[in-house]
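Chemist: One predicted model, sequence on top.
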Amino acid sequence: GTPGRAAAGLPAAAQPGFPLARPRRLRRGAPLRRLVADVRLHPADLVLPMFVREGVTDPVPISSMPGVVQHTRSTLRKAAAEAAAAGVGGIILFGVPEHKDSRGSAADDPAGIVQLALADLASEVGGDVVIMADLCLDEYTDHGHCGLLTPAGEVDNDATLGRYAQIALAQAAAGVEVIAPSGMMDGQVAAIRAALDGAGHTELPVLAYSAKYASAFYGPFREAALCAPQFGDRAGYQQDPARSVGEALREVALDLAEGADAVMVKPALAYLDILRAVADSVDVPVAAYQVSGEYAMVEAAAANGWLDRDRIILETLTAVRRAGADIILTYWAAEVAELLRSRG
Ligand code: PBG
């Protein structure tokens, strides 16, 4: 400091070399931090992914996702009611059928597990939470790919669209409230929208998995849904993580032009740049999917005592929110909803 200032009786802090501004002032104490926080999580914005498995009498634990199970129809009802009571905004259903074939017949069978479970959910929690269904073929095909195959074993984009349209109609008939196509076929939203409209389901919204990357973070899901590809991988239809945001924006724009009502970015934590760009570019609700591998990573580290589980869960969800997600799909949805409610 200058001797002149000290001589003039100015406080030390006013001397050059001391902070001109003190951002720490707003961090003093939890009440002040809570007052100025502007990124908030709310139970109503959380969606719980749930698995329902055909032909089992007890829930089947998923070893790579501790705490998540493949439900029976009756335990699904019970867990869905608990999630609804916790205040989650929605449930997204994935079916695990007993029999798989090359065309994924169980996906649109009116007596297939998803259709039956959708009807169960409608009677159990209908009117309380939004009942969504993933629309894809990988859980239902014996080869584990998201579409029909050509004789040469390639995923046949255009033939798959017809199957997606049939699945959309089956899910609609079973009472689904939002259809979420996740197969990354070109034109899938248009095909589904046309089928729904043609059958009078003009009011049924489509939440498109628009920017979906070919990610190793889906690993545990493939145990959960028993849908690992029997050969090859999904890199021929899901996006390449090594491509910049422009491709994601193009996928989003195409889905909106095809009639999507809301769009999704997936996975979440490793794709926050994509999420932010998408959120800035559209006026529709943007969802982010915190996927199975993101869940497994935290649970595994926490089980070893290496991370503070509850803080990490809230921190990652807050980051996803901060990056622009209006809706977050997370396997922790019910637990977090309960936690947020208990905090008031
Ligand atoms: C496809 C689908 C997948 C996931 C959701 N829908 C698997 C995939 O694309 O390979 C992954 C979700 C997760 O990892 O939690 N039906």
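Modeler: Okay, I see it. Please read all numbers here as calculations on a predicted model, not as lab measurements.
Chemist: Counting residues, name the longest helix you see in this protein.
Modeler: helix 157-174 (DSSP state H).
Chemist: which other helices and strands contact that helix?
Modeler: In terms of contacts (3 or more C-beta pairs under 8 Å, 6 or more residues apart in numbering; DSSP states H and E), helix 157-174 is packed against helix 113-125, strand 130-135, strand 178-181, helix 188-198. (Glycine included, C-beta is placed from N, CA and C.)
Chemist: for the helix or strand residue 34 falls within, what is the average pLDDT?
Modeler: In the assignment (DSSP states H and E), residue 34 maps to helix 30-36. Here helix 30-36 scores 97 as its mean pLDDT.
Chemist: swap in stretch 331-344?
Modeler: 94.
Chemist: For the closest residue to the ligand within the stretch 1-150 of the chain, grab the count of nearby residues.
Modeler: Among the residues of the stretch 1-150 of the chain, residue 136 lies closest to the ligand, at 3.3 Å counting by C-beta to the nearest ligand atom. Residue 136 has 28 neighbours, counted by other C-beta atoms under 10 Å.
Chemist: surely it meets residue 182?
Modeler: Yes. Using C-beta atoms under 8 Å, residue 136 is in contact with residue 182, at 4.6 Å.
Chemist: Next, show the common contact partners of those two.
Modeler: Both residue 136 and residue 182 are in contact with residue 146, where contact means C-beta atoms under 8 Å, 6 or more residues apart in numbering.
Chemist: Surely residue 322 touches residue 39?
Modeler: Yes. Between residue 322 and residue 39 there is a contact under C-beta under 8 Å: 4.6 Å.
Chemist: Show me which residues of the stretch 201-344 of the chain sit near the ligand.
Modeler: Residues of the stretch 201-344 of the chain lying near the ligand by C-beta under 6 Å from any ligand atom: 218, 221, 234, 291-292.
Chemist: Adding pLDDT and neighbour count as columns, could you present these in CSV?
Modeler: As requested, these are exported to CSV (pLDDT from 0 to 100; neighbours: other C-beta atoms under 10 Å):
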residue, pLDDT, neighbour count
218, 97, 23
221, 95, 26
234, 93, 21
291, 98, 26
292, 98, 25
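Chemist: out of those residues, which are inside helices?
Modeler: Per DSSP H, the subset of these in helices is 221, 292.
Chemist: Among the residues of the stretch 201-344 of the chain next to the ligand, give me the pair with the biggest separation.
Modeler: 234 and 292 (14.2 Å; C-beta to C-beta).
Chemist: what sits against residue 50?
Modeler: So residue 50 contacts 71, 76, 79-80, 83, 91-94 (C-beta under 8 Å, 6+ apart).
Chemist: what about 10 Å?
Modeler: By C-beta atoms under 10 Å, 6 or more residues apart in numbering, the contact set of residue 50 is 68-71, 75-76, 79-80, 83, 91-94, 117, 121, 331, 333-334.
Chemist: Out of those, which end up buried?
Modeler: Buried members of the contacts of residue 50, counted by 16 or more other C-beta atoms under 10 Å: 68-71, 75-76, 79-80, 83, 91-94, 117, 121, 331, 333-334.
Chemist: And for the spatially closest residue to residue 160 that is not a sequence neighbour, the neighbour number?
Modeler: Using C-beta to C-beta, 6 or more residues apart in numbering and skipping the chain neighbours, the partner closest in space to residue 160 is residue 147 (3.4 Å). For residue 147, the neighbour count with other C-beta under 10 Å is 29.
Chemist: ditto for residue 341
Modeler: The burial count for residue 341: 13, using other C-beta under 10 Å.
Chemist: So which other helices or strands are in contact with whichever strand or helix holds it?
Modeler: Element membership for residue 341 (DSSP H and E) is helix 333-343. Other helices and strands packing on helix 333-343, by 3 or more C-beta pairs under 10 Å, 6 or more residues apart in numbering; DSSP states H and E, are strand 46-53, helix 73-86, strand 90-96, helix 309-322, strand 327-330.
Chemist: list the helices and strands the fourth one packs on?
Modeler: Translated: helix 309-322. Counting by 3+ C-beta pairs under 10 Å, 6+ apart, helix 309-322 packs on helix 272-281, strand 286-290, helix 292-303, strand 327-330, helix 333-343.
Chemist: Flag every buried residue along the fourth one.
Modeler: Looking back up the chat, that one is strand 327-330. 327-330.
Chemist: most centrally placed residue in the protein?
Modeler: residue 289 (2.6 Å; C-alpha atoms, centre = their mean).
Chemist: Grab the nearest non-local neighbour of residue 48.
Modeler: Nearest non-adjacent residue to residue 48, counting by C-beta to C-beta, 6+ apart: residue 333, 3.7 Å away.
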